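Colleague: here is a sequence together with a model predicted from it:
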Amino acid sequence: MTSNESVLPIPQPNRADVKQINVGQKERRNNRRVLGNISNLAPTVVVEAAKATQITRPITRNYHAQLVANAQGAADKNVKIQKPQSETNNGEVALKKQEESPKRRAKKPSKSLTSVLSARSKVACGITLKPKDPVVNIDESDINNELAEVEYVEDIYKFYKLSETEGGLQDYMNSQPELNAKMRGILIDWLIEVHRKFNMMPESLYLTINIVDRYLSMRKVPRREFQLVGISAMLIACKYEEIWPPEVNDLIAISDNAYSREQILVMEKAILGQLGWYLTVPTPYVFLVRYTKASIPSDDEMENMVFFLTDLGLIHYSVIIANNPSKLAAAAVYAARCTLNKTPVWTETLKHHTGYNEDELRDCAKILVSFHASANETKLKAVYRKYVNPEKGAVALFPPARSLLAEVVAGESS
């Protein structure tokens, strides 16, 4: 013991307690038994009182703190009492196993048999929820390309979708007394042939068809001037899109001198005045470029097939009126992926950039596939001749999408 440690007084036992203890000892001494336990007595649980710890050293403050800590630790322990469970033939008593703690007794809730069988059935049938394929950033490779306008491309296409909705075509053929849908198809087929012979940009063809349809929806055109509208519309589109547009004399020659130079220029002025010189319009071409890029993987074969199916749709008046440019472009991409056996047919990336679900495009895609199946048999063969060329991958010779074509045949038979 150090000099700075104080000694605590040792508690003395009370005389009354000592007297009571002596009386208890005398009573036990008088009640002693000769025989011990011969297995004819009921077992009892005897809990002995804790004996007082005998202190043989002075209790300093440090030693007192140690005693308190030991006593607290002993009190925190769970005292497990063994109880007799059964008696054997030999008279031996089997003790019950110690009770488990509440944490060990707590079991996890087991799944019911019905839930287990349902989960296994879903896995077997392929109904389990699969994670969606992520949306791919199709502009990542064009970050350093200033012409790609990556910073504004999403806003640009939002504006295109809004513009096509506001300026959509209405059914105008009933207001044309001398024209019909078949005559329009013949004119568009001829314009596609002229476009191919002059080797123009694809933007010029789509803008030409847009100008023709918008003008016909505003003005009544006699039959004798119908081809003149087509030639003048192509002249306007070429001046807007081409670096070296064809001359008026070239257009006169290719139309077999059906119209004079003055007639073409007058019609050009009349069309521009009627349209208000509004030529910056979202044609199917601007959507085709974007949606084909979103069709990953995108290659020349995929691109040629998409444009082939779109050109087939442009000839038919019912397709142009029923579907706006973005929907026609998205349906062409869907039909092309079905034709080329791309899986999955419609991805989250395409859904994100087109804004269309697979169900919204299926009807239009089936129509385009039916045009593909009869492209070699119809009288209007300009599109077929254009895409049977090896320079276009000869995609016109590919077999049409069987899945969509089967639905078309089933619908016609019913």
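Modeller: In hand now; what should we look at?

Colleague: and the closest residue in space to Val194 that isn't next to it in sequence, what's its pLDDT?
Modeller: In this structure, Val194 finds its nearest non-sequential neighbour in Ile254, 5.7 Å apart by C-beta to C-beta, 6 or more residues apart in numbering. Where you see a C-beta, it was placed from the backbone N, CA and C, and this is true even at glycine. Listed pLDDT for Ile254 reads 92.

Colleague: ok, Ala375 to Thr339 distance?
Modeller: Note on Ala375: its distance to Thr339, by C-beta to C-beta, to the nearest Å, is 12 Å.

Colleague: which one's more surrounded, the two?
Modeller: Thr339 (26 against 22; other C-beta atoms under 10 Å).

Colleague: wait, isn't that one in contact with Phe398?
Modeller: Yes - when contacts are counted by C-beta atoms under 8 Å, Thr339 is listed as touching Phe398 (6.1 Å).

Colleague: overlap in contacts, the two.
Modeller: In terms of C-beta atoms under 8 Å, 6 or more residues apart in numbering, Thr339 and Phe398 are both contacted by the residues Met305.

Colleague: OK, contacts around the residue nearest to Val194?
Modeller: So Ile254 contacts 194, 197-198 (C-beta under 8 Å, 6+ apart).

Colleague: how near is it to Ile264?
Modeller: Separation of Ile254 from Ile264 (C-beta to C-beta): 12 Å.

Colleague: tell me, how many residues neighbour Leu314?
Modeller: Neighbours of Leu314 under the rule other C-beta under 10 Å: 23.

Colleague: go on, Leu309?
Modeller: 31.

Colleague: buried residues, the helix or strand harbouring it. List them.
Modeller: According to DSSP states H and E, Leu309 maps onto helix 300-315. Buried residues in helix 300-315, counted by 16 or more other C-beta atoms under 10 Å: 302-315.

Colleague: hey, C-alpha coordinates of that helix in CSV?
Modeller: C-alpha atoms of helix 300-315 as CSV (Å, rounded to 0.1, in the frame of the first residue of the first chain):
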residue,chain,number,x,y,z
ASP,A,300,-24.3,0.4,-93.7
GLU,A,301,-26.7,-2.6,-94.1
MET,A,302,-28.9,-1.3,-91.4
GLU,A,303,-28.9,2.2,-92.8
ASN,A,304,-29.7,1.0,-96.3
MET,A,305,-32.6,-1.2,-95.1
VAL,A,306,-34.1,1.7,-93.1
PHE,A,307,-34.0,4.1,-96.1
PHE,A,308,-35.4,1.4,-98.4
LEU,A,309,-38.4,0.8,-96.2
THR,A,310,-39.0,4.6,-95.7
ASP,A,311,-38.9,5.3,-99.5
LEU,A,312,-41.5,2.6,-100.0
GLY,A,313,-43.7,4.3,-97.5
LEU,A,314,-43.3,7.7,-99.1
ILE,A,315,-44.9,6.5,-102.3
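
Colleague: so which elements touch that helix?
Modeller: Packed against helix 300-315, as judged by 3 or more C-beta pairs under 8 Å, 6 or more residues apart in numbering; DSSP states H and E, are the following elements: helix 181-197, helix 202-216, helix 284-294, helix 317-322, helix 325-339, helix 358-373, helix 382-387.

Colleague: out of those helices, which one sits most buried?
Modeller: Ranked by mean neighbour count, the helices and strands packed on helix 300-315 are led by helix 325-339 with a mean of 27 (mean count of other C-beta atoms under 10 Å).

Colleague: after that helix, which helix or strand is next?
Modeller: helix 348-354.

Colleague: just the buried residues of the host helix or strand of Glu154, please?
Modeller: Using DSSP H and E, the element containing Glu154 is helix 153-166. Buried residues in helix 153-166, counting neighbours by 16+ other C-beta under 10 Å, are found at 157, 160, 164.

Colleague: how about the first one: what's its closest non-neighbour residue?
Modeller: In this case it means Tyr157. Leaving aside its sequence neighbours, Tyr157 sits nearest to Arg290 (C-beta to C-beta, 6+ apart; 6.1 Å).

Colleague: go ahead and confirm the one you found touches His353.
Modeller: Yes - the criterion here is C-beta under 8 Å, and Arg290 meets it with His353 at 6.3 Å.

Colleague: quick check: neighbours shared by the two?
Modeller: Tyr157.
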